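sequence first, predicted coordinates after that:
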2 protein chains.
Amino acid sequence: MTTRYQYNHLLDLLTRLFVEREVSQEVARVTAEVLVEGDLLGHHTHGVKLANGYLLDLEANHAKGDHGILELTQRGPVSSLVDAHYLLGPYVVQQALAKCSQAAQEFGIGVSSIKRSHHIACLAAYLPKIVEQGLVPIIMSSDPAVASVAPYGGTESVYTPNPIAVGIPGRTHPMLIDVSMSVITNGSVAKARQEGKSLLHHVLLTPEGTLSNNPEDAFTTPPATILPLGEMAFGHKGFALALMVEALTSALSGFGRKDSPTGWGASVMTMVIDPAQFGGIEAFLDETDYLAEQCLSSSPVNENAPVRLPGQAGLRKKVQYLEEGLPLPDDVVAALRQAVGRSALDNLVL
Amino acid sequence: MTTRYQYNHLLDLLTRLFVEREVSQEVARVTAEVLVEGDLLGHHTHGVKLANGYLLDLEANHAKGDHGILELTQRGPVSSLVDAHYLLGPYVVQQALAKCSQAAQEFGIGVSSIKRSHHIACLAAYLPKIVEQGLVPIIMSSDPAVASVAPYGGTESVYTPNPIAVGIPGRTHPMLIDVSMSVITNGSVAKARQEGKSLLHHVLLTPEGTLSNNPEDAFTTPPATILPLGEMAFGHKGFALALMVEALTSALSGFGRKDSPTGWGASVMTMVIDPAQFGGIEAFLDETDYLAEQCLSSSPVNENAPVRLPGQAGLRKKVQYLEEGLPLPDDVVAALRQAVGRSALDNLVL
């Protein structure tokens, strides 16, 4: 049986571990919140499991914890450029989204471009709070220090899975979208490898141009690459969308692959749109719910698998987990135990 | 041998045909320009071929040509809401993009939400002019009166292919992205059917839940649907991205599927971002070119098919076609001849 962990307990544990590594109280709390939110929504590869890596990067002095180093250039009331100097990503993104939300409510839209953030965790985790305010958050992210996906038609990796996340307010059917522009993520490949399992589909491309479902192939020299969304027949579309993400994250911030960064990081674009400044929030919510109902009532291919809407399973899990506790997979607990093991704090209980 | 048509000749011909149907001079010229630009970039299903349908819709008094009916609600300097009352789409979108470009140069970004536009033709056709100014245009579109794509896991169509277009400025490698969130478009299905050909891939899903490459299946009752990008294994991603497009087009404008519109139309979002207001245009162009070179030098899967970047074949065609004339496919010429055949104008030569 999987042990269940209480939300407040995990939040407190992570906050203390971050503060021990000289992370500012507020940065520690926000980072802990975003990580736990990832697990609440069921994204265990991008939840509290990441804390161990963040702490190791803080210990190595690559990731930073002092909120004072965040450098914000506000060029006007609507847009801003942020140099995060590798401050923990969840705090950086929350700050940017707060600025964007404020701008959106006055100007219809707000946008921030962020360079040199540290890793930003689960993109979906940022969405619920903003969606609940009737606003539409959009986040795109890439890591200019990493390459695991090849351009369509190529066999050498150039870029990252490049996720796009969007929150869509609805009365009974709000949606949380968080999808990468590659067929699967680096995290899924690493997880399958760790478990000694094959991937469910042949979505790796070897340097010889053959398809593989063996995660070990992604760790040879030269490595296999992850296919773009659309795979061998329609991968030009996933490739194009990934190039869009590269442009709106790295190129827009002025810092990217051309600068050959090393170490875990992220180029990020955050945007918030306020429907009240366009066709009105009531009409927006009505349209979301109408479309959702149309989708849910589409006859399923498989009778036992009705159509699902993005994020809704996650939101149901969140309600349940807040009540009954969070069931963390073994690999997540093992990662947390490593972090706890390196701590000198008393009374740390996992 | 395919006959080649001169750019100015086609432009003049279409402009005259639109003006004959009481389209304002400026609306006629812009619409003709956008349609011919589609063919210049090689997108013959979404170029001048569409003029015949637009003229038929003007004759039926569904499409409108009087620029005066465009209703623009400017809520501030950055965002606007447009009710186009089914004015010809190319003019509507050009007007919106001009507003967005102006806003972007002052505030970093500009955004317009458009409801009740008539069809907006080839999205890529709007991009070159803005990209040449060092700006990043983004266009999304859906038609709330049409449904041809089923939600992932479902067999009944709910929405349209929902394209996303983005222009990325570069010194030697600018890119034009224009991709639908379904594997193929309605236009491709219709073209294969007209030519009596099978589709290249099994990307239609019959009401019984089986895959098909027979375009006739999309015209039975009930019809087969087009698969979302990602197909049977990863279609939840294309579905999610299509829901994002629905939200940012129809829901944002306040007018969509809930209003059960009939007749050819479009909900549109246009956005322009100015890199100069973020990390700077020089760094943006450097990053684009660096990434492009990385992609182009990735060893190809097939030695005879090097990696290609989105829009670059189209931009090369444009240069060539402007010089040597436009080679229009037979189905395009046939559609133009129908339009010319209904005209009472003298001296119309195709």
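Right, received. Where do you want to start?

kindly state the domain boundaries assigned to chain A.
A:1-65+A:314-349, A:70-183+A:227-282 (the TED database).

can I get those domains in TSV including mean neighbour count?
Any C-beta I mention is one placed from the backbone N, CA and C, and that applies to glycine too. Below are the domains of chain A laid out as TSV (neighbours: other CB atoms under 10 Å in any protein chain shown):
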stretch	mean neighbour count
domain A:1-65+A:314-349	18
domain A:70-183+A:227-282	24
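
out of those, which gets nearest to chain B?
Closest to chain B of the domains of chain A is domain A:70-183+A:227-282 (CB to the nearest CB; 2.1 Å).

residues near A:Asn214, how many?
Using other CB atoms under 10 Å in any protein chain shown, A:Asn214 has 17 neighbouring residues.

now do it against A:His201, distance only.
Distance of A:Asn214 to A:His201, computed by CB to CB, to the nearest Å: 12 Å.

ditto for A:Ala165
Counting by CB to CB, the gap from A:Ala165 to A:His201 is 23 Å.

can you list the domains of chain A in CSV and add distance to B:Tyr86 and mean pLDDT?
Formatted as CSV, the domains of chain A follow (distance: least, CB to CB, whole Å; pLDDT from 0 to 100):
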stretch, distance to B:Tyr86, mean pLDDT
domain A:1-65+A:314-349, 38, 95
domain A:70-183+A:227-282, 17, 97
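
tell me which other helices or strands the helix or strand where A:Asp12 lies touches.
Element membership for A:Asp12 (DSSP states H and E) is helix A:7-20. Helices and strands touching helix A:7-20, by 3 or more CB pairs under 8 Å, 6 or more residues apart in numbering or on different chains; DSSP states H and E, are helix A:25-40, helix A:50-59, helix A:330-342.

taking helix A:330-342 as reference, get the angle to it.
40 degrees (axes from the mean of the first three to the mean of the last three CA atoms, to 10 degrees).

need the contact partners of helix A:7-20.
A:25, A:27-29, A:31-33, A:35-36, A:39-40, A:48, A:51, A:54-55, A:58, A:65, A:88, A:321-322, A:325-326, A:336, A:339-340, A:343-345, A:348-350 (CB atoms under 8 Å, 6 or more residues apart in numbering or on different chains).

and with 7 Å instead?
Helix A:7-20 has contacts (CB atoms under 7 Å, 6 or more residues apart in numbering or on different chains) with A:25, A:28-29, A:31-33, A:35-36, A:48, A:51, A:55, A:65, A:322, A:326, A:339, A:343, A:345, A:348, A:350.

repeat for stretch A:247-255
With CB under 7 Å, 6+ apart, stretch A:247-255 has contacts from A:81, A:113-116, A:140-142, A:144, A:256-257, A:267-269, B:136, B:168, B:273, B:275, B:278-280, B:283-284, B:287-288.

first-to-last residue distance for it?
End-to-end distance for stretch A:247-255, by CA to CA, to the nearest Å: 11 Å.

can you list the residues of the stretch 101-250 of chain A near chain B?
A:107-109, A:111, A:113, A:115, A:136, A:150-156, A:158, A:166, A:168, A:175, A:177, A:179, A:183, A:201, A:209, A:229-230, A:233-234, A:237, A:240-241, A:243-244, A:246-247, A:250 (CB under 7 Å from any CB of the partner chain).

now intersect those with the strands, please.
Using DSSP state E, the subset of these located in strands is A:109, A:111, A:113, A:115, A:136, A:166, A:168, A:175, A:177, A:179.

max pairwise distance over those: which two?
A:Lys115 and A:Met175 (29.2 Å; CB to CB).

returning to that earlier point: what would the helices and strands packed on helix A:7-20 look like in CSV with distance to A:Glu303?
As requested, the helices and strands packed on helix A:7-20 are exported to CSV (distance: least, CB to CB, whole Å):
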stretch, distance to A:Glu303
helix A:25-40, 30
helix A:50-59, 38
helix A:330-342, 33
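
for these, give me CSV that also has distance to chain B.
Formatted as CSV, these follow (distance: least, CB to the nearest CB, whole Å):
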stretch, distance to chain B
helix A:25-40, 18
helix A:50-59, 22
helix A:330-342, 23
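
the nearest residue to A:Leu40 once chain neighbours are set aside: which element?
In space, and not counting its chain neighbours, A:Leu40 is closest to A:Lys318: 4.3 Å by CB to CB, 6 or more residues apart in numbering or on different chains. Under the criterion of DSSP H and E, A:Lys318 resides in helix A:312-324.

can you name the element that comes right after that helix?
strand A:326-327.

quick revisit: which of the contacts of stretch A:247-255 fall within helices?
B:283-284, B:287-288 (DSSP state H).

for the longest helix anywhere in chain A, packing partners?
Identified as the longest helix of chain A according to DSSP H is helix A:89-107. Helices and strands touching helix A:89-107, by 3 or more CB pairs under 7 Å, 6 or more residues apart in numbering or on different chains; DSSP states H and E, are helix A:25-40, strand A:79-83, strand A:109-117, strand A:266-273.

convert stretch A:192-204 to CSV, retaining C-alpha atoms only.
C-alpha atoms of stretch A:192-204 as CSV (Å, rounded to 0.1, in the frame of the first residue of the first chain):
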residue,chain,number,x,y,z
ALA,A,192,11.1,4.2,-18.0
ARG,A,193,14.9,3.7,-18.0
GLN,A,194,15.0,3.8,-14.2
GLU,A,195,12.3,1.2,-14.0
GLY,A,196,13.9,-1.0,-16.7
LYS,A,197,10.8,-0.8,-18.8
SER,A,198,10.2,-0.3,-22.6
LEU,A,199,8.4,2.8,-23.7
LEU,A,200,4.8,2.3,-24.7
HIS,A,201,5.5,3.4,-28.3
HIS,A,202,8.4,3.6,-30.7
VAL,A,203,9.1,7.3,-30.3
LEU,A,204,12.8,7.4,-30.1
